[in-house]
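Asker: what follows is a predicted structure for the sequence shown.
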Amino acid sequence: MSIDLIIPTLNEIDGIKTVMPKINKNWVDHIVIIDGGSTDGTIEEAQKQGFEVIPQIGKGHGAALLTGVNYTKSDFLILWSPDGNHEPEEIPKLIEKIKEGYDQVLISRFGKGSINEDAGFFDSFGNKMFAFLTNVFFGGKWTDSLNESRIISRKAMMDIKFDALKMNSTQQMSIRGLKRKQKIYEIVGNEGERIGGQRKMSPIPVGALLSKSIIKEFIFWNR
């Protein structure tokens, strides 16, 4: 059972300095940072810490994930961010749970008992709304269908034919996982406050993209 940790970055030097030293490199077989063209020293700092940095192919969050998927060869893939939103201790929890035979295991930022220090009212409402719509349209039980912090088997990743290159990337994994009847599990977690850098998500255009994606996935069910 081989596991790779894929970390997309774009000008996240503060997170790289603060968060990455907390990750035990022995948790996984390989850690690869997929960089989308950072100019703030993210690449140099990551390499200084001994991490492999690969340039992202294409633009968008999903493009970064796809670059990592295509570059790696492991049986399981962990998708994770160093911006402070995710907690390093999530990583071994994800690994232990996937060993029970799940196709995807996700950290929920909005489960019972979750502490969210980054999402404001509208962000929380939007995330919960899209989880609700995903469940209604596709028969799921997600409390957080959009979070990046997750582990997915390579087989499951190939089965969903992942091709969402923008901020609808993780939503597509959740939706198509349901459509493919994948075995899915949520672990209740938290969302910490962002550490430096600039937030990449703009609520209105991203909300429109997510809504459009749900409609398309429902109409074209066999995608």
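Answerer: Yes, it's here.
Asker: secondary structure element for the most centrally placed residue in the chain?
Answerer: Central residue of the chain (CA atoms, centre = their mean): Glu148, 1.8 Å from the mean position. Counting by DSSP states H and E, no helix or strand carries Glu148.
Asker: that one and Pro82 touch, don't they?
Answerer: No: Glu148 lies out of contact with Pro82 (CB atoms under 8 Å); the separation is 11.1 Å. (Glycine included, C-beta is placed from N, CA and C.)
Asker: contact partners of the worst-scoring helix or strand of the chain on mean pLDDT?
Answerer: Within the chain, no helix or strand scores below helix 121-138, which has a mean of 87 by mean pLDDT, DSSP states H and E. With contacts defined as CB atoms under 8 Å, 6 or more residues apart in numbering, helix 121-138 is touched by 109-110, 116, 119, 140-146, 171, 174-175, 178-179, 203, 207, 210, 214, 217-218.
Asker: okay, buried residues for stretch 149-166 please.
Answerer: By 16 or more other CB atoms under 10 Å, the buried positions in stretch 149-166 come out as 149-154, 156-157, 159-160, 162, 164-166.
Asker: stretch 107-119 too?
Answerer: Buried residues in stretch 107-119, counted by 16+ other CB under 10 Å: 107-111, 116, 118-119.
Asker: pLDDT value on the nearest residue to Thr42 once chain neighbours are set aside, please?
Answerer: Leaving aside its sequence neighbours, Thr42 sits nearest to Ile13 (CB to CB, 6 or more residues apart in numbering; 4.6 Å). Looking at Ile13, its pLDDT stands at 96.
Asker: give me every residue that touches Ile13.
Answerer: 38, 40-42, 45, 196-197 are the contacts of Ile13 under CB under 8 Å, 6+ apart.
Asker: can I have the buried ones of those residues as a PyMOL selection?
Answerer: Buried subset of these, written as a PyMOL selection, criterion 16+ other CB under 10 Å:
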select buried, resi 38+40+42+45+197
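Asker: of the contacts of Ile13, closest to Met20?
Answerer: Glu45 (8.4 Å; CB to CB).
Asker: ok, and the closest non-adjacent residue to that closest one?
Answerer: Ile16 (4.8 Å).
Asker: which residues does Glu193 contact?
Answerer: Per CB under 8 Å, 6+ apart, neighbours of Glu193: 84-85, 117-118.
Asker: so can I have TSV of those residues showing distance to Gln49, pLDDT and secondary structure?
Answerer: Below are those laid out as TSV (distance: CB to CB, whole Å; pLDDT from 0 to 100; DSSP: H, G, I helix; E, B strand; the rest coil):
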residue	distance to Gln49	pLDDT	secondary structure
Gly84	16	87	coil
Asn85	20	92	coil
Glu117	25	72	coil
Asp118	24	70	coil
